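Undergrad: Sequence and predicted structure below; questions after.
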Amino acid sequence: MVLFKRKILSVFIIPSGLIFYAACGEKNTDTDDDKLVISQGVPGNSSGSKGSVQVDFNSANSSLSLTEESSLMIGDSIELTQARFSIAAIKIKTEKELSDEEAEIEKIEKEHELEEVEKVEKTESDDDSAALVDGNEAKPSKDGLASKKDEFKAEQENEAMKEKDRDKSLKFSGPYVYDALAGVLEGDAIEPTEMVDGSYQRIEFKLKRNWDVDEEDPLFGNVFVIQGNRIDGEDKVPFDVYYHIATNFRLHGDGDFFVEAGTDNELEIVFDLQKWFDGVDLSGVEIADGENKIVIDKDSNHEILKAIRKNISKY
């Protein structure tokens, strides 16, 4: 769950006390993507002067219990020990609704993203099959990802360049890794940028698979990773949540994020971790074969993954 301006990605935004909400939209028509260009919008109430805009991230942990081990308790049955997102881009736009051109580009980008996912999954499957043919145990899927890392990364960067050429609207370009448990942005800080003053009604996040972290990092090849423990009385059962499909979040509402000229404007995005697990019950989930933990990903316990993903994006 997310807010704006010192208050809440699942998604709430509160700039100057105005609540925004997350929503998705898509149109399915065919067109030539090379001809699609989205101009950078200027607010109708802009004076033409500029102000500085800084985007910050934070976590809403007031309803959670922080332990000495830097983990977060959600209720009495779930303990989070890691929650990290790979943020590829952030855009701030003037219009609340998607234009026809944006809807077309969204469709094209989703097709490219699904093609990449299918390619990665085929690589993992081929590697596993080859290992089994040799009479050995199947290699971990990350071996396949690591061997194709440069190819996957180049394709993703190529698509990012195409997007930049198509969409001239303001954006903060990553990748950034946000550790929502620690409430810190890893690596390079998001630098402030100049924007013309006026009212902006939509903020977009593009989350993509991360190929820049170390290959041993759980986030490698994933969009986000959540790790923790299911609490069974005095026992703890570890769980890992991996999500690997590139995702867009669109946050918009009836209010505005107003940029004031000649001043430093702050847009704060606050992740509410507790909302991620609303209605999620891990009590009946079994430990994966050959593992000492619960695995929640595209192949295992997929319904739980869908529920978590829905919680993150529905507000």
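TA: It's in.
Undergrad: Now the element after the helix or strand hosting Glu159, going C-ward?
TA: According to DSSP states H and E, Glu159 maps onto helix 149-166. Scanning forward in sequence from helix 149-166 by DSSP H and E, the next helix or strand is strand 171-179.
Undergrad: Quick check: buried residues in the helix holding Glu159?
TA: Buried residues in helix 149-166, counted by 16 or more other CB atoms under 10 Å: 149, 152, 155-156, 159-160, 162-163, 166. For glycine as for every other residue, the C-beta is placed from the backbone atoms N, C-alpha and C.
Undergrad: For that helix, list the C-alpha coordinates in CSV.
TA: The C-alpha trace of helix 149-166 is given here as CSV (Å, rounded to 0.1, in the frame of the first residue of the first chain):
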residue,chain,number,x,y,z
LYS,A,149,22.1,-12.0,-17.4
ASP,A,150,23.8,-9.7,-19.9
GLU,A,151,21.3,-10.6,-22.6
PHE,A,152,18.3,-10.0,-20.4
LYS,A,153,19.7,-6.8,-19.1
ALA,A,154,20.5,-5.5,-22.6
GLU,A,155,17.0,-6.2,-23.8
GLN,A,156,15.5,-4.5,-20.8
GLU,A,157,17.7,-1.4,-21.2
ASN,A,158,16.8,-1.3,-24.9
GLU,A,159,13.1,-1.3,-24.1
ALA,A,160,13.8,1.5,-21.5
MET,A,161,15.5,3.6,-24.2
LYS,A,162,12.6,3.1,-26.5
GLU,A,163,10.2,4.1,-23.8
LYS,A,164,12.3,7.3,-23.1
ASP,A,165,12.1,8.2,-26.8
ARG,A,166,8.4,7.6,-26.9
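Undergrad: what's that helix in contact with?
TA: Defining contact as CB atoms under 8 Å, 6 or more residues apart in numbering, one finds that helix 149-166 is touched by 33, 36-38, 88-89, 105, 109, 112, 116, 119-120, 145, 171, 173, 208-209, 211-212, 215, 221.
Undergrad: Please repeat the previous calculation with a cut-off of 7 Å.
TA: With contact meaning CB atoms under 7 Å, 6 or more residues apart in numbering, helix 149-166 is reached by 36-38, 88, 105, 109, 112, 116, 120, 208-209, 211.
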